[in-house]
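Enquirer: missing the sequence, but the structure's below:
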């Protein structure tokens, strides 16, 4: 931590001496042209409004060395916990989407616009709740600039703008042809990237009265595997308690955290094997204790020793391996292409017609650990059928060490070549079209358009296991064979030709035939869509005069339809391990709004807006906003805003057909604990699967936000902005208390796992739904600064700093319980298990001289505690025995990367460019809590990859 702080301080001093006072660039440039700024519908000449708006030029994005719009936006300090990184392959939304979460309020609280208008959301909601816009659908080379509004804007744009707005503005009047190509690779020679783009524009609006623009981009990324990052700290390590990794953990570890303390296949003494072995752990029918097959079959142990990636140091035997490190990946395989076109025509002096169309296509493959024979089988009713009891090795199965008696099997087939990792192939495409008119009529500026966008996604689980066929191949009883034959024609044909066929496991898997795997496995697919269409109209003009200037007025209306459908997988109820997530819904929205700008004096400007929205399924919302800007000096302005906002529930939250499973919450089982004779460990602090369902009575969450700041142009070359901000939300849709659902008896049990005569069996699944019961308070401080230094013959140096400091992130339950998350790992429902660091800093420097431009970007994330919230216990207590330290202690250490970029222009048409990401080769700190990556935080994926190099060529024809 001390060394990181020294690096940041040293860079700050090098970038301009007095950065604390002179650090961030003035965003405003005075111009006689009246323009529209994000957050307002009134055109103005002074682009610095009462609301904090960060304007990012295309050159700044290029200077960062990032390959996509999504990659760049997720380096912004205002983007925080709850965002959806590209590498978030283990999340609900898969690897095809990236989302931004301003202020850490979740990706569904940030509204993303393209040219000031909405586009449809990604098909899969993050965590099966938070709908968000996929930033990958934005073509990088078509971007002109990005405007980030950092306060609430529901009064202008309606729902989802609680935390702010990201408005991506694409090119509108481009003439010429530009081709660009680049290649990238990591220091390991993997994760190779190819990108190419061509942009062509013809016709000048001023001279020719029209402009036509077309842009095409294509890109590919190769995967990067955890096994190829062994040695980069804890990257890819899930069996963190194994002493093979050198962390000094006790080899037994904690029995309630086996996956983290021993590795797959670990058998703790006297405890049922919850980890599946690559050669199979089998339960002794006589004493119900699991043993490794390696104890009975020397060939099995030999296969383990040759295949496993951990030392075989379990005191109870077993074949120990870290499956995640063997088959998981840092970065998935990903390919995309974008096609964007725009045509505008000046019909007469007062009327312009325009049309925009875009098509985005992406494909990816995400690899996770494979499904096991004992993985639960989900049914369309939402009830998982436990396969543990029925996953048996038959009495005569040749791989059963207890011949003559069927025995329970705990087995992981991920290393069988025909089964392999748990692969999910995703393919999606998004289409968008806009047609509109804008101009002037009777002194009113107007802009009206009809718009349509739709995203389709198809996900395919590869090589899923048929549950009935699995039972018959492992335990070929007459009943199992009959059930599998009736359900699967392929199995019926297989058993007819080979009546003695079984599924051989572990060291004998090479004996299995292709026909057996063909009967056992099949690809399972689902396809969903998200759709939005509608029309809008806004008019504005100057109306009246005040001492400070003309009054600006804007009036607008909008109507749109939104729908989303995500079905179950086709084989749900037949195939093991298919996701139990389904939702769908639709609604119509009608809105009207009015806005006014009042320059009371030359020094004081006031603005106000009011919007009314009607949702056909969620009721009405009236959202006002007021702002003020006061010029205390010619170069110093004070500003403040107050706004109310709302977010309408998504179809995943309010559809009665919405279901999604989750685990991790612990509850007590009062029925099982009441005199049934079961051990406390089986009824206290148990963790069944929970099924969340939509609630049609869910209301929109509401918000109140305020900002107070200043804009100080200290010199013509130095300026700074600072803003305090706060957002209060009420009626947050959250999952109802899980213990309350159990106490109310909303669950399903599994009697087959009873341990006593009066035991009703463990809870398999409990049913919960969304309720408007929580409120939150989030507040912080933003600092933005820039300083330009003229170096004479040596060119010029521009330095910048942005810093977001999180002061409070608090959630208050309906019963008054307070949860403080700032500076902690946070609740996964709030932060996506990414954490809530208090500080995020970006320092930039650009040196330009003649044909050369060099840039440096330092991105810093502060440390945060390894606890779920203030007052909670450290996660290290769940990983190691008392007194045994974990990497980093009870916190996720601070992390930073330094990225370098450069451009050399041979002439005004041709240039070469290159970049090195993570030039210092920083390794990510240990983070075992997140589910978005293994062993590190997913936002630190640049550290997991290591140095990454890009080089390219751009030519203008």
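Expert: That came through, no problem. Please read all numbers here as calculations on a predicted model, not as lab measurements. Numbering: from 1, shown residues only.
Enquirer: wait, doesn't residue 313 sit right on residue 320?
Expert: Yes. Using C-beta atoms under 8 Å, residue 313 is in contact with residue 320, at 7.1 Å. Where you see a C-beta, it was placed from the backbone N, CA and C, and this is true even at glycine.
Enquirer: For the stretch 201-350 of the chain, which segments are assigned as strands?
Expert: Residue ranges of the strands in the stretch 201-350 of the chain, as given by DSSP state E, counting those that start in this stretch, are 210-221, 224-225, 281-283, 290-292, 329-331, 333-348.
Enquirer: brain fart, the stretch 451-600 of the chain
Expert: Using DSSP E, counting those that start in this stretch, strands in the stretch 451-600 of the chain cover 521-546, 549-566, 581-598.
Enquirer: What is the longest one packed up against?
Expert: Helices and strands in packing contact with strand 521-546 are listed as strand 444-465, strand 549-566, strand 581-598; criterion 3 or more C-beta pairs under 8 Å, 6 or more residues apart in numbering; DSSP states H and E.
Enquirer: how much distance is there from the first one to the middle of the chain?
Expert: Remark: strand 444-465 is offset 18 Å from the chain centroid, using C-alpha atoms, centre = their mean, to the nearest Å.
Enquirer: elements contacting that strand?
Expert: Using 3+ C-beta pairs under 8 Å, 6+ apart, strand 444-465 sits against strand 117-118, strand 422-441, strand 521-546.
Enquirer: Quick one: closest of those strands to residue 71.
Expert: Closest of the helices and strands packed on strand 444-465 to residue 71 is strand 422-441, at 18.3 Å (criterion: C-beta to C-beta).
Enquirer: which parts of that closest one are buried?
Expert: 422-436, 438-439 (16 or more other C-beta atoms under 10 Å).
Enquirer: same question, stretch 54-65
Expert: By 16+ other C-beta under 10 Å, the buried positions in stretch 54-65 come out as 54-56, 58, 60-65.
Enquirer: again with stretch 487-504
Expert: 488, 490-492, 494-495, 501-504.
Enquirer: Would you check which pair of those lies furthest apart?
Expert: The farthest-apart pair in those, when distances are taken by C-beta to C-beta, is 492 and 504, at 20.5 Å.
Enquirer: and the closest residue to residue 913 other than its chain neighbours, what element?
Expert: Sequence neighbours aside, residue 903 is the residue nearest to residue 913 in space, at 4.6 Å (criterion: C-beta to C-beta, 6 or more residues apart in numbering). Assessed by DSSP states H and E, residue 903 sits inside strand 895-905.
Enquirer: Listing partners with orientation, what would you give for that strand?
Expert: strand 852-861 (antiparallel), strand 910-917 (antiparallel) (DSSP bridges).
Enquirer: mind checking how far that strand is from the chain centre?
Expert: That offset, for strand 895-905, works out to 25 Å (C-alpha atoms, centre = their mean).
Enquirer: got it, and stretch 613-630?
Expert: 28 Å.
Enquirer: can you pull the buried residues of that stretch?
Expert: Judged by neighbour count (16+ other C-beta under 10 Å), stretch 613-630 contains these buried residues: 613, 615, 617-618, 621, 623, 625-630.
Enquirer: quick one: average pLDDT of the strand holding residue 903?
Expert: The average pLDDT within strand 895-905 is 96.
Enquirer: got a list of contacts for that strand?
Expert: 4, 7-8, 62-65, 851-861, 911-920, 922, 924-925, 937, 940, 942-943 (C-beta atoms under 8 Å, 6 or more residues apart in numbering).
Enquirer: And that strand, what's buried?
Expert: Buried, per 16+ other C-beta under 10 Å, within strand 895-905: 895-903.
Enquirer: Same check on stretch 512-524?
Expert: Neighbour-count burial for stretch 512-524 [16+ other C-beta under 10 Å]: 512, 516-517, 519-522, 524.
Enquirer: How about stretch 779-795?
Expert: 779-780, 782-789.
Enquirer: Would you map the strands across the stretch 851-957 of the chain?
Expert: Using DSSP E, counting those that start in this stretch, strands in the stretch 851-957 of the chain cover 852-861, 864-865, 891-892, 895-905, 910-917, 948-956.
Enquirer: Tell me which of the ones you listed is the most buried.
Expert: strand 891-892 (a mean of 26; mean count of other C-beta atoms under 10 Å).
Enquirer: In the stretch 601-750 of the chain, where is pLDDT below threshold?
Expert: 664 (pLDDT under 70).
Enquirer: can you pull out the strands in it?
Expert: 604-615, 619-633, 636-647, 659-662, 689-693, 701-715, 718-735, 747-749.
Enquirer: pLDDT below threshold where in the chain?
Expert: Scanning the chain for pLDDT under 70 picks out the ranges 1-34, 82, 86-96, 240-262, 269-274, 382-390, 664, 829-831, 875-887.
Enquirer: Please go through it and pick out the longest strand.
Expert: Longest strand of the chain, by residue count under DSSP state E: strand 763-790.
Enquirer: In contact with residue 516, which residues are there?
Expert: So residue 516 contacts 473, 494, 501, 503 (C-beta under 8 Å, 6+ apart).
Enquirer: And it, how close does it get to residue 509?
Expert: 10 Å (C-beta to C-beta, to the nearest Å).
Enquirer: same deal with residue 915?
Expert: 45 Å.
Enquirer: and what of residue 640?
Expert: 68 Å.
Enquirer: what's the neighbour count on residue 298?
Expert: Residue 298 has 10 neighbours, counted by other C-beta atoms under 10 Å.
Enquirer: give me every residue that touches it.
Expert: Listed by C-beta under 8 Å, 6+ apart, residue 298 has no contact partners.
Enquirer: Excluding covalently adjacent residues, which one is nearest to the residue in the chain sticking out farthest from the centre?
Expert: No residue in the chain sits farther from the centre than residue 404, which is 50.4 Å out by C-alpha atoms, centre = their mean. Nearest residue to residue 404, sequence neighbours excluded (C-beta to C-beta, 6+ apart): residue 395, at 5.5 Å.
Enquirer: Correct me if wrong, but the one you found is in a helix.
Expert: No. Residue 395 is assigned coil when assessed by DSSP: H, G, I helix; E, B strand; the rest coil, not a helix.
Enquirer: quick one: which helix or strand includes the nearest residue to residue 113 once chain neighbours are set aside?
Expert: Nearest residue to residue 113, sequence neighbours excluded (C-beta to C-beta, 6+ apart): residue 167, at 4.5 Å. Here residue 167, judged by DSSP H and E, is contained in strand 164-170.
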